[in-house]
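Enquirer: quick one: sequence and predicted model below, then my questions.
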Amino acid sequence: SQKIEQNSEALNIQEGKTATLTCNYTNYSPAYLQWYRQDPGRGPVFLLLIRENEKEKRKERLKVTFDTTLKQSLFHITASQPADSATYLCALDAAGSYIPTFGRGTSLIVHP
Amino acid sequence: DAGVIQSPRHEVTEMGQEVTLRCKPISGHNSLFWYRQTMMRGLELLIYFNNNVPIDDSGMPEDRFSAKMPNASFSTLKIQPSEPRDSAVYFCASSPKGTTNEKLFFGSGTQLSVL
C-alpha cells in the first residue's frame, strides 16, 4: 500500500542549530514533492517544491533534498529560530496525478 | 488578494443535522481541493475539482458527503446527516491554472464539531 511517513515525535532543537526533518514514502512514483508549514489553528502554507529530477532546492534558510532511489526527502532549516516552531508537512502526488497527498507532519520546537 | 476564504470558521451541530461548508478560491485558480484533518488520520483528500468539474472524489467517505462547484468562485461541501465521527477541521485549497497543482493555497479551515 502507499505510505508517506514523517516522524510523529516532535523535534526539539536549540536556537541557531540546523533542524532536519524526514519524509519517507513507499509505492509512489511522484512527479514532485512539496513541503508546507502549518501553525496551530491555521491552514498549511506552501514552502518549497522539488521535482523528481532535482536533487536539491534552496530558499533562504531552507534546503530540501530528494532521493528517488531511497524514496526520501530531507527538509533542513539552518540557523533555526523560535519563530520556526510549527508543524511541517510533506506532500507528493501519486504517479503524476498532480493531486497532493500529505504526510501527517512533524512538529518542530525551537528553544531559545 | 484575500486568499482562500472559508466559512464558517467554526460549526457546532447536533448529530443528524445537515452541515454546509463554503469556500471561495483565489480568483484565477482553476483547481480546488477539499481536505479533512484529524489527529488520527492527518490531512486527507476528500475531493478535487478542476475547472469546476469533480476529477477525483474517491476520498469522500460515504453518501452522506457531497460537494459542488457551481462556478469558478464558489464551492460547497455538505454533510447530511452529520455524525460525531465527522468532527474534524475541513480545509479548502486552490491552485493556479497551468501549474499541475505544484503549489496549494489553503484557507483557514472550518472546525466542525458534531455532538
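Expert: Perfect, I can see it now.
Enquirer: all strands of chain A, in order?
Expert: Assigned by DSSP state E, the strands in chain A fall at A:3-6, A:11-14, A:19-26, A:32-38, A:45-51, A:56-59, A:62-67, A:72-77, A:86-93, A:100-102, A:106-111.
Enquirer: could you dump the ones you listed to TSV with mean pLDDT, distance to chain B and mean neighbour count?
Expert: C-beta: built from backbone N, CA, C; applies to glycine. Listed next are the strands of chain A as TSV, based on pLDDT from 0 to 100; distance: least, C-beta to the nearest C-beta, whole Å; neighbours: other C-beta atoms under 10 Å in any protein chain shown:
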stretch	mean pLDDT	distance to chain B	mean neighbour count
strand A:3-6	94	9	18
strand A:11-14	97	17	14
strand A:19-26	96	13	19
strand A:32-38	96	6	23
strand A:45-51	95	5	17
strand A:56-59	96	12	12
strand A:62-67	96	14	18
strand A:72-77	97	15	20
strand A:86-93	95	7	23
strand A:100-102	94	4	25
strand A:106-111	98	11	18
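Enquirer: turn these into JSON lines, columns for distance to residue B:41.
Expert: Listed next are those as JSON lines, based on distance: least, C-beta to C-beta, whole Å:
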{"stretch": "strand A:3-6", "distance to residue B:41": "12"}
{"stretch": "strand A:11-14", "distance to residue B:41": "22"}
{"stretch": "strand A:19-26", "distance to residue B:41": "17"}
{"stretch": "strand A:32-38", "distance to residue B:41": "15"}
{"stretch": "strand A:45-51", "distance to residue B:41": "21"}
{"stretch": "strand A:56-59", "distance to residue B:41": "29"}
{"stretch": "strand A:62-67", "distance to residue B:41": "25"}
{"stretch": "strand A:72-77", "distance to residue B:41": "21"}
{"stretch": "strand A:86-93", "distance to residue B:41": "13"}
{"stretch": "strand A:100-102", "distance to residue B:41": "10"}
{"stretch": "strand A:106-111", "distance to residue B:41": "16"}
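Enquirer: of all those, which one is nearest residue B:24?
Expert: Between residue B:24 and these, the tightest spacing by C-beta to C-beta is seen for strand A:45-51, at 18.2 Å.
Enquirer: so what touches the closest one?
Expert: A:31-39, A:56-57, A:59, A:62, A:64-66, A:73, A:75, A:88, B:102-106 (C-beta atoms under 8 Å, 6 or more residues apart in numbering or on different chains).
Enquirer: ok so, going back, indicate which one of the strands of chain A is closest to residue B:58.
Expert: Nearest to residue B:58 among these is strand A:100-102 (11.4 Å), distances taken as C-beta to C-beta.
Enquirer: partner strands of the closest one, parallel or antiparallel?
Expert: Strand A:100-102 has its sheet partners listed here by DSSP bridges as strand A:86-93 (antiparallel).
Enquirer: might one say that residue B:80 is in contact with residue B:64?
Expert: Yes. Assessed by C-beta atoms under 8 Å, residue B:80 is found in contact with residue B:64 at 6.1 Å.
Enquirer: name the nearest residue to residue B:102, sequence neighbours excluded.
Expert: Nearest residue to residue B:102, sequence neighbours excluded (C-beta to C-beta, 6 or more residues apart in numbering or on different chains): residue A:49, at 5.2 Å.
Enquirer: next: residue B:22.
Expert: Nearest non-adjacent residue to residue B:22, counting by C-beta to C-beta, 6+ apart: residue B:7, 4.9 Å away.
Enquirer: just give me the neighbour total for that neighbour.
Expert: Residue B:7 has 13 neighbours, counted by other C-beta atoms under 10 Å in any protein chain shown.
Enquirer: returning to what we had before: so which of the strands of chain A is nearest residue B:73?
Expert: strand A:45-51 (21.3 Å).
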